[in-house]
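Participant: I would like to see how this sequence folds:
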Amino acid sequence: MGTYATLSRASLLASSMSLLVLGMSVAPATGAATTGITTPYFSSANSPLVTASPGYQLETFESGALTLPAVTLTTLHGSSVDLHSSVDGDDGVLDGDGFNGKSLTVFTQANTTGATFSFNNIMLGTYPKSAGVAVTVDIANPLIFTVFDSSNNVSGTITVPNSNTLDPSNDDFLFWASDPAGISAISVSSNNAAIHLHLDHLQFDTINTISIPEPGTLAGATIAGGVVCIGRRRRRV
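Facilitator: Here you go, the predicted structure:
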């Protein structure tokens, strides 16, 4: 399996400038998912997904539950929706604090944690072409984001070697994936987690992929308001 582009939270936040990092790997699988991290993530306005798309759906958990009917949540040790540790903007004010909003608490036991969101292509009419989920609280070494294709095979991953995300909300980040052939599920997991994992802003788009600059256009490129790490799988030739 190929090596994917990874950045630690320290590396991501050390830069005072926004930047775009492209990592490519050659993998034996034919999967073609592109994966990335966008930080900081304060609201859906920071999302790289096409939020104005008719196929875009967003779960904020502010109702107290997962309400998207075409999404199934499975976890290693259970979960609950709780007050606090929300994406900043969910309480209606961008103030660097997600204390008054809600998030999905994914329980950690024996240092392991994990949540998988599976998409029902029958209900949606197709699999999403892009998807993402925000991490608002975690201490994990490592934290792994995994993407599954329409055949439920792994089509992309990102590994954050040392992830330490706590309140306030200025270090929240969004894991995201894009695959024109479809995404059947995404997951966030760790086999060495110190606390419960908090996730928010599950989102997907059944129509659009995420626009990625071509490699030749990356020199000096910046993304306003955030740091982006990109990893792309491509076919071996």
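Participant: Report the rounded mean pLDDT for the helix or strand hosting residue 200.
Facilitator: Using DSSP states H and E, residue 200 maps to strand 197-205. Across strand 197-205, the average pLDDT comes to 98.
Participant: Which of the three states applies to the residue nearest the centre of the chain?
Facilitator: The structure's the chain has its C-alpha centroid closest to residue 175; by Cα atoms, centre = their mean the separation is 1.9 Å. What DSSP: H, G, I helix; E, B strand; the rest coil gives for residue 175 is strand.
Participant: so what's it closest to, chain neighbours aside?
Facilitator: residue 145 (4.1 Å; Cβ to Cβ, 6 or more residues apart in numbering). Heads up, the C-betas are built off the backbone N, CA and C, glycines and all.
Participant: coming back round to it: dig out what the residue nearest to the centre of the chain forms beta bridges with.
Facilitator: Residue 175 has these beta-bridge partners by DSSP bridges: residue 37, residue 133.
Participant: Likewise for the one 10 residues further on?
Facilitator: On the basis of DSSP bridges, residue 185 is bridged to residue 118, residue 148.
Participant: neighbours of it, just the number please.
Facilitator: Close neighbours of residue 185, defined as other Cβ atoms under 10 Å, add up to 20.
Participant: pLDDT value on it, please?
Facilitator: 98.
Participant: what's near enough to touch it?
Facilitator: 116, 117, 118, 119, 147, 148, 152 (Cβ atoms under 8 Å, 6 or more residues apart in numbering).
Participant: In ChimeraX, select just the buried ones from these.
Facilitator: Here is the ChimeraX command that selects the buried residues among the contacts of residue 185 (16 or more other Cβ atoms under 10 Å):
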select :116,117,118,119,147,148
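Participant: what's the farthest-apart pair in the contacts of residue 185?
Facilitator: Pairwise distances across these peak at 13.2 Å for 117 and 152 (criterion: Cβ to Cβ).
Participant: circling back: which residues touch the residue nearest to the centre of the chain?
Facilitator: So residue 175 contacts 35, 36, 37, 132, 133, 134, 135, 145, 158, 186, 188 (Cβ under 8 Å, 6+ apart).
Participant: pLDDT score assigned to the closest residue to residue 149 other than its chain neighbours?
Facilitator: Nearest non-adjacent residue to residue 149, counting by Cβ to Cβ, 6+ apart: residue 155, 4.0 Å away. Predicted confidence (pLDDT) for residue 155: 97.
Participant: and residue 155, how many neighbours?
Facilitator: When neighbours are counted by other Cβ under 10 Å, residue 155 comes out with 26.
Participant: in what helix or strand does it lie?
Facilitator: Using DSSP H and E, residue 155 falls in strand 154-160.
Participant: Following the chain past that strand, name the next helix or strand.
Facilitator: From strand 154-160, the next helix or strand downstream (DSSP H and E) is strand 163-165.
Participant: Each with direction, which strands does that next one pair with?
Facilitator: Partners of strand 163-165 in its sheet, by DSSP bridges: strand 130-140 (antiparallel).
Participant: relative to strand 197-205, how tilted is the partner strand?
Facilitator: Relative orientation of strand 130-140 and strand 197-205, computed by axes from the mean of the first three to the mean of the last three Cα atoms, to 10 degrees: 170 degrees.
Participant: Would you mind writing the CA trace of strand 130-140 as CSV?
Facilitator: The C-alpha coordinates for strand 130-140 follow below in CSV (Å, rounded to 0.1, in the frame of the first residue of the first chain):
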residue,chain,number,x,y,z
SER,A,130,-17.5,14.0,-1.7
ALA,A,131,-17.9,13.7,2.1
GLY,A,132,-16.4,15.1,5.3
VAL,A,133,-16.6,15.2,9.1
ALA,A,134,-15.1,17.7,11.6
VAL,A,135,-13.0,16.8,14.5
THR,A,136,-13.5,19.1,17.5
VAL,A,137,-11.9,17.2,20.4
ASP,A,138,-9.4,14.4,20.5
ILE,A,139,-6.1,13.2,21.9
ALA,A,140,-4.9,10.4,19.7
